[in-house]
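A.B. asks: Dropping a prediction and its sequence here:
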Amino acid sequence: MLRILCSADDLLRVSIAEQPAPLAELTIAMSMMQRKDSHPVFAPWRRHMARRLPAQVRPLLQLVSPLGAGPCFIDPPSPGIDEGLDQVMSSSRATVRAELIRMSGIDRPPTPWLRLLADQDRDAWLDLQRALQAAHGTLLAEQWPRLRAAFYAETAWRARILAQHGLQAALTSLGLSIRLQGLTLEADFPRDLTIPLTGQGIILCPTLLWTDHLLPAPYPDGRLLLIYPAATPLPLIDSAESTHPLTALLGTTRARTLQLAVRQHTTSELARNLGLSLAAASMQAKALREAGLITSQRDGKAVWHQCTPLGLDLLVASG
């Protein structure tokens with residue numbers, strides 16, 4: 001269970017990230033690469049990327065956990081890759097050692113290479129720099145324009161939820177398990193973690209490369225960076241030629257599913273209208289339901305799907 005202990009000042013200072021950070025997304029991509037679940041989007045993506053991943057990227061697997069955790073010194077929230085790498089290479093010995101100890105307490109045991117990093121060994125740090133550069137070139141560089149466009153679509157929608165439905169809706173719709181209990185934000189998490197905040201605030205930051213629990217991280221100015229899975233993961237987003245905001249946010253199939261759900265449809269009807277199998281239509285409905293955009297109700301053997309007020313609001317805003 002994740003518990004974020006907020007003060008009133010923290011909740012008054014909730015903001016939305018202005019731009020994606022390439023090294024943060026890279027760390028998340030490396031986490032997703034290692035997961036073993038049969039996710040319909042990321043399982044094929046993993047197989048494709050595993051064939052392309054250069055050997056010099058492999059050291060990063062010693063640093064980054066499939067649980068979505070990595071040492072903070074490898075993913076500073078910088079807007080550009082070059083600036084971010086400069087920050088990585090100037091990390092202090094104390095920060096590196098503390099972060100490696102933290103990661104060993106999660107699931108990254110110390111290895112000879114990690115000990116060399118902790119000792120500021122020059123060759124080990126050059127290996128790290130080359131690994132980050134090669135990973136970025138393989139996993140993110142080609143997709144970055146698409147990722148950035150989808151990021152802006154997601155944050156625009158999140159800002160609209162905050163403005164029209166309030167802070168509680170903006171926070172609790174970040175994921176299916178999230179609850180705001182008084183001043184405490186709770187969510188399912190792979191381990192027990194309590195984070196006390198001190199009034200600096202929270203930054204909500206979507207990621208297009210993660211579909212699981214929230215990913216909390218400290219921001220350099222003392223705020224909490226709360227990374228959450230966007231409505232649609234990157235591999236389902238259409239190419240950059242598509243300029244319609246709803247398609248940029250959800251992808252073509254989910255956008256069409258949401259449009260159909262303006263009136264009630266069964267899963268079978270969705271599948272027939274979308275030209276999908278029942279399983280694929282059910283997957284699309286599940287993703288929209290978890291994003292708070294549709295509701296699903298069982299009636300005998302049939303499951304009926306219909307837009308929520310948030311879903312209708314999104315359709316109106318993007319029309």
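C.D. replies: Nice, I can see it. Just so it is clear, the structure is predicted and the values come from calculations on it, not from any experiment.
A.B. asks: Tell me the span between the first and last residue of stretch 27-47.
C.D. replies: Length of stretch 27-47, first residue to last, C-alpha to C-alpha, to the nearest Å: 18 Å.
A.B. asks: For it, give me every contacting residue.
C.D. replies: The contact list for stretch 27-47, computed with C-beta atoms under 8 Å, 6 or more residues apart in numbering, reads 49-50, 53, 60-61, 64-70, 74-75, 135, 139-140, 207, 209-211, 215, 227, 233, 235-236, 280, 283. For every residue, glycine as well, the C-beta is placed using N, CA and C.
A.B. asks: if you set the cut-off to 7 Å instead, what comes out?
C.D. replies: The contact list for stretch 27-47 (C-beta atoms under 7 Å, 6 or more residues apart in numbering) reads 49, 60-61, 64-66, 68, 70, 74-75, 135, 139-140, 207, 209-211, 233, 235-236, 283.
A.B. asks: any idea how far it is from the chain center?
C.D. replies: 13 Å (C-alpha atoms, centre = their mean, to the nearest Å).
A.B. asks: which of the residues in the biggest helix by length in the chain are buried?
C.D. replies: Longest helix in the chain, counting residues (DSSP state H): helix 144-165. Across helix 144-165, burial judged by 16 or more other C-beta atoms under 10 Å covers 146-155, 157-158, 160-162.
A.B. asks: helices or strands up against it?
C.D. replies: With contacts taken as 3 or more C-beta pairs under 7 Å, 6 or more residues apart in numbering; DSSP states H and E, helix 144-165 sits against strand 14-16, helix 167-172, strand 202-207, helix 245-250, helix 309-318.
A.B. asks: The ones you listed: which one's closest to residue 121?
C.D. replies: strand 202-207 (31.3 Å; C-beta to C-beta).
A.B. asks: mean confidence for that closest one?
C.D. replies: Strand 202-207 shows a mean pLDDT of 96.
A.B. asks: Same question for stretch 53-60.
C.D. replies: Mean predicted lDDT for stretch 53-60 stands at 94.
A.B. asks: ok, now stretch 248-268?
C.D. replies: Average pLDDT, stretch 248-268: 88.
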